[in-house]
Each structure stands twice: as C-alpha cells, then as structure tokens.
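Asker: mind looking at a prediction? Sequence and model below.
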Amino acid sequence: MKLIIPMAGRGSRLRPHTLTTPKPLISIAGKTIVERLVNDAVKLVNEPVEEMAFIVGDPLFFGKTVIKELEKLAKSHNSKATIYRQLNPLGTGHAIMCAEESLKGKALVIYPDTLIRTNESFDKNADAVIWTKQVANPEAYGVVKLNKSEEITALIEKPSVFVSDLAVIGIYYFKEITQLKEQLKTVIKNNKMHSGEFQINDGLLGMMADDKKFKVGKVSAWLDCGNVKSTITSNKEMLNFLKKDKEQLTSDLVNMINSKVIEPCYISSNVTLENSTIGPHVSINSGCKISNATVSNSIIGENTILSNADISNSMIGNNCKYDGRHSEINIGDFSELN
C-alpha cells in the first residue's frame, strides 16, 4: 500500500498563518494536520504502508525543514518518504501526476486540508473507493450519486438541484492506481481543464466510463481546516474526540502558577501559565508564556507571550507577543500587538 499526499497548495484562505507555515503543518490539538491525517490513513488501510509520496510546492516555501518533518513522519510508520514537487498550481489531477513514478499498485490518495474520524473498514476489492460525509448543504460540495447496489455512478460538483447529500471529502482508494494515472494522462494530453486546472474528477469519471467499480467509504466525522474559523472549530472537535479517547492532553511539565485549566485543552511542555484561566477547547504549543489572561476556544502557536488578555475564538501564530483587550484576534507568526 502507498499513500499519495498532494500538499503543494499555499493555503491562502488560512492566511496570515500560511504565509510562513504550509497549511498541512499547522498544528491541531498538538499535532500537525498532515501528521494526524497520515496516522488516521495508516489505521484506515490496516496494512503496511511501503511508501508515502508527498507532493510539495516551491522549495523556497517547502524547504529542508518541511522535508525533514515529512521524512520523519514516514519513518515513524516504517515507510519510505518520496518527495515530488508541483511547481505550477495546475490542479488536483496535475498534482497527482507529479508523483507519476509512484503511481502503481494499491494506493490511498489523501488531501491534507481536512481531518477525519472513522472506525469503518472499506471494500479493498473495489476498483476504487471515494470517502464521503453526509452534509446538510450538498449544493456547496462535490457529491456522489449511488445506485441500488451502493456503487458510485456519478460525481457532481456543487449540484444546483438535489442529487445526493454525500459530499466528497478528499480521500480515495485505488486497487490499482495505474488506472487513474492512465486516465489523467489522457486528461492532460487533451488539455481538459477547468478554470485553468486539471482535476482528479476527470480521471475518476474516465475510470467510471471504463466500467470500473466505485464504492463509497464513510466517516463519522469530517473536520475542515480550510480557513481560520473552521480550523478553530476543528481544534475544538478534535480535543473533544481526544478527551473521549482518554489521551493525556496536558503535559506534566506545565509550569502552573495560580492558574486553572478547564478541559479539554492541549497544553505542551515548557509552557508557563500564571494568574490565568485556560479553556475549554484551547491548544497551547511549546514555549508559551501566558499571564493574567482568560483564553477559550483558541489555538496558540509556539514560543508566544500572551498577557492581560481575555480572548476566545482566536488563532495566534508562533513567536508572537500580545498584550491587549481584544475579544477575538487572528495574528500570524512573529506578530506583536498591544
């Protein structure tokens, strides 16, 4: 089994945080998005993963530090990391084809801008599986249409009339990913673009036209990390899941001075809390110092100093300094705000 992980996008909707940190490396409840998604993907396939093919972008943004993180992640699962680069943002289909040398055998394609929770197995004998989540507003998503045998017969992008409420979430299994590769080759050769991009959907539709059987995979939770608001919400939901799983979320090495933590919260080691109330649903990364503050439903990056604050629904980057009375703030790495 292989994991194919396209992650070359700059995450513009998550700015200012993605001006300095690639979106897949944004931390949610103490682990990066890509780490959480890869961990869940390995559990999902339930077999050894021989290779993880990461498709990253410009080396000026996805530099040596990022590559080392990805190699470390693959090694933690006894897998080999292969690094490819998509230097031109030409769509999801083009991103996959940047890893052409790895496109053979069984594979799971995962886009690391969402997080999932699932305990369900899937049909590995199907030619392909597309994971979905039932949603209340299907007109905002790409959806799948099923026949009576629960096989996918069509993919419809943002339908204007009701077709299905099963939204595609960006995870795909292929019994033989060479079949997708050949379809995407044809898409690119014929210059079949949508808004200047080659899309994975055209490759999938080509496989369906060749009578390949597509089954549906289901998740119990789908957490979007597309923008700041949804990332804060996903942090909240993930903390709830981890508390239910009885994971230790607060380090024993937190320096707590006249402070209170309302669970669930993730608080890393080397954090000092003084005269503060933290939580619920707060993630605080390593090296932070927080004093005379009340913080709830927020994410705080590494090595940030926060004082005299009463904030919620906020996202603060790494190496920031904040001293003030705004109730909600959104500041990127290395910011100072009084």
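Answerer: Arrived safely, thanks for sending.
Asker: which helices and strands does the longest strand seen in the chain pack with?
Answerer: In the chain, assigned by DSSP state E, the strand with the most residues is strand 166-174. If you count contacts as 3 or more Cβ pairs under 8 Å, 6 or more residues apart in numbering; DSSP states H and E, strand 166-174 packs onto strand 107-110, strand 114-117, strand 128-134, strand 142-146, strand 214-218. For every residue, glycine as well, the C-beta is placed using N, CA and C.
Asker: need the least confident one among these, by mean pLDDT.
Answerer: Least confidently modelled of these is strand 114-117, at a mean of 84 by mean pLDDT.
Asker: OK, contacts around Gly226?
Answerer: Arg13, Leu14, Asp113 (Cβ atoms under 8 Å, 6 or more residues apart in numbering).
Asker: just name the most buried of the helices and strands packed on strand 166-174.
Answerer: Among the helices and strands packed on strand 166-174, strand 107-110 has the highest mean neighbour count (mean count of other Cβ atoms under 10 Å), at a mean of 26.
Asker: which parts of stretch 13-21 are buried?
Answerer: Buried positions in stretch 13-21, judged by neighbour count with 16 or more other Cβ atoms under 10 Å: Arg13, Leu14, Pro16, His17, Thr18, Thr21.
Asker: could you pull up the mean pLDDT of that stretch?
Answerer: In this model, stretch 13-21 carries a mean pLDDT of 79.
Asker: wait, what's in contact with Ser307?
Answerer: The contact partners of Ser307, by Cβ under 8 Å, 6+ apart, come to Ile290, Ser291, Asn292, Ala293, Tyr322, Asp323.
Asker: looking at those residues, state which has the most neighbours.
Answerer: Ile290 (25 neighbours; other Cβ atoms under 10 Å).
Asker: that one contacts Ile284, doesn't it?
Answerer: Yes - taking contacts as Cβ atoms under 8 Å, Ile290 lies within contact range of Ile284: 7.1 Å.
Asker: coming back round to it: which of the buried residues of stretch 13-21 fall within helices?
Answerer: The members of the buried residues of stretch 13-21 all map outside helices under DSSP state H.
Asker: now render those as JSON lines, adding distance to Ala29.
Answerer: As requested, these are exported to JSON lines (distance: Cβ to Cβ, whole Å):
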{"residue": "Arg13", "distance to Ala29": "20"}
{"residue": "Leu14", "distance to Ala29": "16"}
{"residue": "Pro16", "distance to Ala29": "21"}
{"residue": "His17", "distance to Ala29": "16"}
{"residue": "Thr18", "distance to Ala29": "18"}
{"residue": "Thr21", "distance to Ala29": "16"}
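Asker: output the longest strand of the chain as CSV - backbone C-alpha positions only.
Answerer: Provided in CSV are the C-alpha atoms of strand 166-174 (Å, rounded to 0.1, in the frame of the first residue of the first chain):
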residue,chain,number,x,y,z
LEU,A,166,-22.9,12.6,0.3
ALA,A,167,-20.1,15.1,0.0
VAL,A,168,-16.7,14.0,-1.3
ILE,A,169,-14.1,14.7,1.4
GLY,A,170,-10.8,14.2,-0.5
ILE,A,171,-9.8,10.6,0.3
TYR,A,172,-9.6,8.0,-2.4
TYR,A,173,-8.5,4.3,-2.6
PHE,A,174,-7.4,2.6,-5.8
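Asker: quick one: mean pLDDT for it?
Answerer: Strand 166-174 comes out at a mean pLDDT of 92.
Asker: the inter-axis angle of it versus strand 128-134?
Answerer: Relative orientation of strand 166-174 and strand 128-134, computed by axes from the mean of the first three to the mean of the last three Cα atoms, to 10 degrees: 160 degrees.
Asker: contacts for the very next helix or strand once past strand 166-174, please.
Answerer: Under the assignment DSSP states H and E, the closest C-terminal helix or strand after strand 166-174 is helix 178-189. For helix 178-189, the external contacting residues (Cβ under 8 Å, 6+ apart) are 93-94, 96-97, 100, 103-105, 127-128, 174, 198-200, 202-204, 206-207, 210, 212.
Asker: narrow the contacts of Ser307 to those in strands?
Answerer: Per DSSP E, strands hold the following members of the contacts of Ser307: Ile290, Ser291, Tyr322, Asp323.
Asker: what pLDDT does the model give the closest residue to Glu71 other than its chain neighbours?
Answerer: Closest residue in space to Glu71, ignoring its immediate chain neighbours: Ala81 at 4.4 Å, by Cβ to Cβ, 6 or more residues apart in numbering. On pLDDT, Ala81 comes in at 96.
Asker: check Ala99 too.
Answerer: Listed pLDDT for Ala99 reads 95.
Asker: now do Lys148
Answerer: 88.
Asker: just the one 10 residues further on next, same as before
Answerer: In this prediction, Lys158 carries a pLDDT score of 89.
Asker: how about the closest residue to it other than its chain neighbours, phi and psi?
Answerer: Nearest non-adjacent residue to Lys158, counting by Cβ to Cβ, 6+ apart: Glu139, 5.9 Å away. With angles defined as degrees, to the nearest 10, Glu139 sits at phi -70, psi -10.
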